[in-house]
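[1] Predicted structure and sequence below. I'll ask about it afterward.
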Amino acid sequence: MSSQIFRDGESDRAFRASWLFSRAAIYGALILWAVICLFPIYWTITTSFKAAPDVMRGNLVPWVDFAPKWLGLRSLGLSPDTIFAESTVRAEFLKRFWNSTIVALSSSALAVVLGSCAAYGLSRFSYRFGFMRNSDISFFFLSQLILPPVVLALPFLVLYKELALLDTRIGLILLYTLTVLPIVIWIMRDQFASIPTELEEAALVDGLSIWGAFVSIILPIALPGMVAAFILSLVLTWNEYFFAALLTSTNAKTLPVMVASQTGSQGISWWSMAALSTAAILPLILVGILLERFIIRGMAAGAVK
């Protein structure tokens, strides 16, 4: 009897040791992956406080490897000694930041509205356009992402010149909406397909129209997927550089173009580029934190695949 109790105790200790080891291994792997993912952000933020020699030597730890300086923020007119003084550089930065904000938010919202309507139609009704059916139409939208942006550079340049849309925010908004619209359609089509059609049928029996059922019944259920699609569109449009550099020059230039302009004949202004990159990263981080629950709900509902 005592030997049986001893063996049970040994087995229980072995099980607990194995459980603790597995948990430690899992958390260790997660911590390592988090460090790998966050290191570029840490590098960018610390680089904005480094002088050129510290950047070249690869110094990493502030106050240990190098003495932090306000070089990056001073180059934008945002350091403690320049924030209250008049600064043309700060005015230029705020203008580019405001351009990026307006263009990214407007194009993402417009893409979600149009894409949700198109996705709802593809998930609920049967269409025939020549030889194309619903699945063919959906693939046609997705196929627009196959073309590299450089192929569309000359046509859009000529078209925008004729329409007087060069160097305008509305021109970028329309173009970015077309760019992310296929992604939104595919995300929302899966989201709407996961919602039972019986809900709409019950709403129609109660006297609602198709649009009434869509707005009052379907949209609240599909909201997590819409937020996930909006965030993905926002990230893509916020970071877009090629068309912003091609189609803008002065008035509508965005933040990514300003970041890339920190290189010149004198070399690369590492601290200015890092400060601008930090300013470009922070809004997306804040959006992700604020809308995290919607992202998780959208992924759990199958909106992101």
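    Received it, and whenever you're ready, just let me know what you need. Numbers count the residues shown, from 1 in each chain.
[2] D167: neighbour count?
    15 (other C-beta atoms under 10 Å). From N, CA and C alone the C-beta is placed, and that goes for glycine too.
[3] The one 10 residues further on too?
    Other residues within reach of T177 by the criterion other C-beta under 10 Å amount to 23.
[4] Check the offset of the longest helix seen in the chain from the chain's centre.
    In the chain, assigned by DSSP state H, the helix with the most residues is helix 2-47. Averaging C-alpha coordinates over helix 2-47 and over its chain gives two centres that are 31 Å apart (C-alpha atoms, centre = their mean, to the nearest Å).
[5] Show me what that helix is packed against.
    On a contact count with 3 or more C-beta pairs under 8 Å, 6 or more residues apart in numbering; DSSP states H and E, helix 2-47 meets helix 270-290.
[6] now the helix it packs on and helix 2-47, what's the angle there?
    Orientation check (axes from the mean of the first three to the mean of the last three C-alpha atoms, to 10 degrees): helix 270-290 against helix 2-47 gives 130 degrees.
[7] For the residue nearest to the spatial centre of the chain, what is the enclosing helix or strand?
    Residue closest to the mean C-alpha point of the chain, counted by C-alpha atoms, centre = their mean, is V235 at 2.1 Å. Secondary structure here is read from DSSP states H and E; on that basis V235 sits in helix 219-239.
[8] buried stuff in that helix?
    With burial defined by 16 or more other C-beta atoms under 10 Å, the residues of helix 219-239 counted as buried are 222, 224-239.
[9] hang on, the earlier thing: my read: the residue nearest to the centre of the chain touches L284, true?
    Yes. In this structure V235 lies within contact range of L284 using C-beta atoms under 8 Å: 6.0 Å.
[10] need the next SSE after the helix holding V235, C-terminal direction.
    Later in the chain than helix 219-239, the nearest helix or strand by DSSP H and E is helix 242-247.
[11] and that following helix, what does it pack onto?
    Packed against helix 242-247 by the contact rule (3+ C-beta pairs under 8 Å, 6+ apart) you find helix 149-162, helix 169-193, helix 255-260.
[12] Dump the C-alpha coordinates for it into CSV.
    As requested, the backbone C-alpha atoms of helix 242-247 are provided in CSV (Å, rounded to 0.1, in the frame of the first residue of the first chain):
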residue,chain,number,x,y,z
PHE,A,242,4.7,54.5,-54.6
PHE,A,243,1.6,56.3,-55.8
ALA,A,244,2.0,59.1,-53.2
ALA,A,245,5.5,59.8,-54.5
LEU,A,246,4.3,59.6,-58.2
LEU,A,247,1.1,61.6,-58.1
